[in-house]
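Engineer: With the input below, show me the fold.
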Amino acid sequence: MNNTLMCLFIMFIVIICGTNELTVFAHSTAEKPSKMVCIEESKEEYESFNNEVLNEILKSYKLDLSGYQEYTHDDLNLKVGDNLNDHSDKISLQHLFRGSSIGSRRLFLENGLEGKRGYFLYKKIDGNNVLKELHKEGKIWVVTSGSEKKGKRLRLKPFNWDKCLED
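Structural biologist: Okay, here's the model as predicted:
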């Protein structure tokens, strides 16, 4: 009986030590990247995802945006001292960026703010693709038509912040 207990005890010790040894070897000895490196990597992943969303929308509508210039919501913000009457074109576009979407909402204007045509594109939360056609009437941009098509429901993979150093 004593030999059996001793044998079981030795097997138990070997199993515990063996498991701990494997755990030690499983940890990487590589240094974690800094928080700034991870922030840049996270931005790149988001940009890549945003481009994937845009390409899926463009493919569903068979759109070619050659000759179109992209504008962000920040591009439409007025600066201190700007006269509201001189920028009614920018103001008339700002409302388009409100609401939820998968990826960013994207505005493309043919020949920039001086042009007369544009597209506003985004992917709804349910995965459907939305296209709004814009035309400039005087100094104001107006949505002249819109359509929605079934699209893929894309998801941005969460970034693993645990792999980064904490600053």
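Engineer: Go through this protein and flag its longest helix.
Structural biologist: In the chain, taking DSSP state H as the definition, the longest helix is helix 35-61.
Engineer: can you give me the offset of that one from its chain's centre?
Structural biologist: Here helix 35-61 is found 5 Å from its chain centre; the criterion is CA atoms, centre = their mean, to the nearest Å.
Engineer: mind listing what's buried in the helix or strand following it?
Structural biologist: Using DSSP states H and E, the helix or strand that follows helix 35-61 in sequence is strand 68-71. Using 16 or more other CB atoms under 10 Å as the test for burial, strand 68-71 gives Tyr68, Gln69, Tyr71. Where C-beta positions appear, they are placed from N, C-alpha and C, glycine not excepted.
Engineer: Return the list of strands paired to strand 68-71, each annotated with direction.
Structural biologist: strand 102-110 (antiparallel) (DSSP bridges).
Engineer: Show me how far the partner strand is from its chain's centre.
Structural biologist: 12 Å.
Engineer: cool, stretch 134-141 as well?
Structural biologist: Counting by CA atoms, centre = their mean, stretch 134-141 comes out at 29 Å from the chain centroid.
Engineer: how long is that stretch end to end?
Structural biologist: Stretch 134-141 has an end-to-end distance of 6 Å (CA to CA, to the nearest Å).
Engineer: Next: stretch 89-101.
Structural biologist: 24 Å.
Engineer: same question, stretch 70-77
Structural biologist: 14 Å.
Engineer: Buried residues, it. List them.
Structural biologist: Result for stretch 70-77 [16+ other CB under 10 Å]: buried residues Tyr71, Leu76.
Engineer: what pLDDT, on average, does it get?
Structural biologist: For stretch 70-77, mean pLDDT rounds to 92.
Engineer: which other residues reach that stretch?
Structural biologist: 90-91, 93-94, 97, 104-109, 112-113 (CB atoms under 8 Å, 6 or more residues apart in numbering).
Engineer: how about a cut-off of 10 Å?
Structural biologist: Contacts of stretch 70-77 from elsewhere in the structure, counted by CB atoms under 10 Å, 6 or more residues apart in numbering, are 54, 69, 87, 89-94, 96-98, 104-109, 112-113, 118, 120-121.
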